[in-house]
Each structure stands twice: as C-alpha cells, then as structure tokens.
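Student: Using only what follows, build the 3D model:
(one chain, ligands or ions: 1)
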Amino acid sequence: MNLPNLHLFAFLILATGAFAADTPPLQPPPKAPPVQIVFDTDIGNDVDDVLALAMLHSLATRGDCKLLAVTVTNPHELSGPFVDAINTFYGRPNIPVAVTRRGPNTGQGKFLGLAAIKDGDAPRYPHQLKSSAESPDPVKLLRQLLAKAADQSLVLVQVGFFTNFADLLDSKPDDISPLPGRELVKRKARLLSVMAGAFQTINHNNHYREYNVIKDIPAARKLAKDWPTPVVWSGFEIGIAVPFPVQSIERDFSYTPHHPAAESYYLYNPPPHERPTWDLTAVLHAVMPDRSYFSLSPPGVVTVEEDGFTRFTPKRNGRDRFLIMNETEAARVKEALVQLSSQPPNHTAGKP
Ligand SMILES: [Ca+2]
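Tutor: Residues are numbered from 1 along each chain as shown. Alright, predicted model coming up:
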C-alpha cells in the first residue's frame, strides 16, 4: 500500500467507524409482517390477471405478502386448473383454488387451454386440480379463511367480476362461523383493493361502463352498497395509463423454456401489443400501499348505477377512494410491475 492509499484507508476507517468497538453492525429496519392476501380473479378473460397472479407470487417470495387463496369468477372448467398450474409453477401447489358455479360464463378464452397442453406425455404446466367443478365452493372457502383470520387482518383483491364477494356478503351463519357474511368481513378484513369502474373520462366518454362491473351488475351493485371495509378502486384509467412494456414480455421471461405468463400473453394478444396493466395495479396497491406508487382520491362513496356506471360522490369519512397517478408515479409503477411480474420462482426461499 503506497502512502496516498494508506491515508485513504485511514480516512475510511475513521469515516465509517468500521473498527469502533461501540458501533453496532448495520442492520436493515424491521420488516412489516406479510400482508394476508386473498385474490379473486376472472382469469381467462384477459391476460392481466395472469401477470397479477405472477406478481403476488413474487411478493410472497420477497416476504411482502402471503397468498392465502385464489377464488375465481370465471366458471369455465379450466379456469381453476389454470390457476393451480400457475401456483404450481411458482412452487406453491397447495394454495386453495375455488371457482364459482354461477358466475358469468365467458368461455375458455385464448389461454386457459395451457392448463391441458402436453409436451409428449407430460403436462407442460403440472397441476393437481383436474376441473373447476372439483374445486371447493368459493363462499365456503372465503368464510373458512375469514373465520380463522385475526381481526382486521385480511386484504382482499378483486380483479374480475363481483360475484364471489357479493355472494360472501349474502352468506348465512353456519358451522364455520356464527356471523353472517357481512359481519364476518367487517370483523376480519381491513381492505378491499378492486380493479373496477372508471373515475375519469375515458376516450371523451364521461359515462364509461367498465367490463368487470357490467358482466355482473347485480353483484356489483350489492357489493358497492353493502361492503363494510375501506375500498380502494383502481379505475379503468389507471391500467390504460401503464401499458406493459413489450420488451419485458419478449426478454424477461425467457429464463425458462415455457413460462405460463409469457405464453398466455402471446396467445392473448402478442407483441408488439402492449396490454394495459389493470389487475396488476390493484395488486401493487394492496400489498404496498405505503410505497407512494399511487395517490388516493379524497374519501367518498362509489355507487353502481343500473347500467353499470360507477359514480363517485365525495363524502367526509366515506368508505371509498380511487387511485390517482401522475406521470412520475406511472414511471415508478411500470418499473415495479415489470420487476414483480417477471421475477423467477424461488422454490427454496421465502415460501410460502
Ligand atoms: Ca381480470
């Protein structure tokens, strides 16, 4: 070590206190406990549900959330097996999956068939659930999860139709819990993060009727009227403001020969199309509400009108808020969505 470097070395020791006996070792700040998540999806109708589910697995691997269950509002026979295949791909084959028997029947769509595809004799995406009909009843599963949960602990994420959670509100006391559905939700859940509705003008239309609402308007009206916890709405305008970067689909998922999210994307609407990120934004806010990815509207009340339009009325201490996003926030959101949805599975750490 020559003289100038010796001086630099001495300076670093003094500046960092590296060898001071009374300096405690650097430690990260304590991490918050993982957010307890239930994910409700109409998987099969658009590919953003698949990327959103991939995000939840990455967040679980990072210890930011625990994915307790997936409930499904698309009754197709392959919707449940498809979700089970995604969960298995990410190393969590035991997450319960429950599919509605009565939700809007929107068909197989473009990518649910991946659950049945084989390479030779082997399933490309292994899974245990053979058919949605073999899955548990979603309301029963939700009641079981709520009954077991600590008070004010569950965060529900809804990125499809309102069928399952509206049915949950209507559920009666049973051998799972003496509480009716609404009281059970009120006691055990602390937030509903929902992708639905529109709270800005969309393509010069200030009466935009959003897909997740209009496919089951009675259920949406019931939930909007009766839901007992705070609700944060990611409106249609948020997802379209953050298109998923095509470069990510083309490059970030190639760490494995077959990736179910990328393959679904190609089947649904291949690059160069950049799909809006509607469902992903509801997941990001649900798990990381304190990271300033979005701003929130003032409080108010959302009502669902007879034609499915979602009307927000400001109200002091109202139950509802909707996401707002400026350009700076949108840039951060896009980066987070890409990193979280493309993170490889880690089958050895941080499970579940
Ligand atoms: Ca969806």
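
Student: can you tell if stretch 230-239 touches the ion?
Tutor: No - using C-beta under 5 Å from the ion, stretch 230-239 stays clear of the ion, with a minimum separation of 9.8 Å. Backbone N, C-alpha and C define where each C-beta goes, glycine included.

Student: Please enumerate residues in contact with that stretch?
Tutor: Outside stretch 230-239, the residues within contact range by C-beta atoms under 8 Å, 6 or more residues apart in numbering are 48, 190-200, 202, 208, 210, 276-282, 285, 289, 294, 296, 302, 310, 319-323, 325.

Student: 7 Å instead, please
Tutor: Under the criterion C-beta atoms under 7 Å, 6 or more residues apart in numbering, residues 48, 191-200, 202, 208, 210, 276-278, 281-282, 285, 296, 302, 319-323, 325 lie in contact with stretch 230-239.

Student: Now whatever residue of the stretch 251-352 of the chain ends up closest to the ion: which helix or strand?
Tutor: Nearest to the ion, among the residues of the stretch 251-352 of the chain, is residue 279, at 4.8 Å (C-beta to the ion). Assessed by DSSP states H and E, residue 279 sits inside helix 278-287.

Student: what's the helix or strand following that helix packed up against?
Tutor: Next helix or strand after helix 278-287 toward the C-terminus (DSSP H and E): strand 295-296. Contacts defined by 3 or more C-beta pairs under 7 Å, 6 or more residues apart in numbering; DSSP states H and E place strand 295-296 against strand 320-324.

Student: And the strand it packs on, what's buried?
Tutor: With burial defined by 16 or more other C-beta atoms under 10 Å, the residues of strand 320-324 counted as buried are 320, 321, 322, 323.

Student: Might you calculate how far it sits from the centre of the chain?
Tutor: Centroid separation for strand 320-324 versus its chain: 16 Å, with C-alpha atoms, centre = their mean, to the nearest Å.

Student: And for it, what's in contact with it?
Tutor: Residues from elsewhere that reach strand 320-324, judged by C-beta under 7 Å, 6+ apart: 199, 231-235, 238, 281, 285, 294-297, 299-302, 312.

Student: coming back round to it: next, the angle from the helix holding residue 279 to strand 320-324.
Tutor: Between helix 278-287 and strand 320-324, the angle formed by their directions is 120 degrees, by axes from the mean of the first three to the mean of the last three C-alpha atoms, to 10 degrees.

Student: how about the strands in the stretch 251-352 of the chain?
Tutor: If DSSP state E, counting those that start in this stretch is used as the criterion, the strands of the stretch 251-352 of the chain fall at 295-296, 300-304, 310-314, 320-324.

Student: can I get the CA coordinates of the second one in CSV?
Tutor: This file holds the C-alpha atoms of strand 300-304, laid out as CSV (Å, rounded to 0.1, in the frame of the first residue of the first chain):
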residue,chain,number,x,y,z
GLY,A,300,-66.3,9.3,-0.9
VAL,A,301,-68.8,6.7,-1.8
VAL,A,302,-69.0,4.7,-5.0
THR,A,303,-72.4,3.6,-6.2
VAL,A,304,-73.0,1.3,-9.1
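
Student: packing partners for it?
Tutor: Packing partners of strand 300-304 (3+ C-beta pairs under 7 Å, 6+ apart): helix 217-226, strand 310-314, strand 320-324.

Student: Please work out the angle formed by the directions of the last one and strand 300-304.
Tutor: Orientation of strand 320-324 against strand 300-304 (the same axes, to 10 degrees) gives an angle of 90 degrees.

Student: mind checking how far stretch 92-111 is from the chain centre?
Tutor: Taking the mean of its C-alpha atoms, stretch 92-111 sits 15 Å from the chain's own mean (C-alpha atoms, centre = their mean).

Student: Then stretch 200-219?
Tutor: Centre-to-centre, stretch 200-219 and its host chain are 20 Å apart (C-alpha atoms, centre = their mean).

Student: contacts for it?
Tutor: 103-104, 160-163, 166, 195-198, 220, 235-237, 304, 307-310.

Student: Those residues in strands, which ones?
Tutor: Mapping the contacts of stretch 200-219 onto strands (DSSP state E) picks out 195, 304, 310.

Student: By neighbour count, which of those residues wins?
Tutor: The residue in the ones in strands among the contacts of stretch 200-219 with the most neighbours, by other C-beta atoms under 10 Å, is residue 195 (30 neighbours).

Student: measure it to the ion for me?
Tutor: For residue 195, the distance to the ion (C-beta to the ion, to the nearest Å) stands at 7 Å.

Student: And the contacts of stretch 200-219, which of them are buried?
Tutor: Among these, those buried by neighbour count (16+ other C-beta under 10 Å) are 103-104, 160-163, 166, 195-198, 220, 235-237, 304, 308-310.
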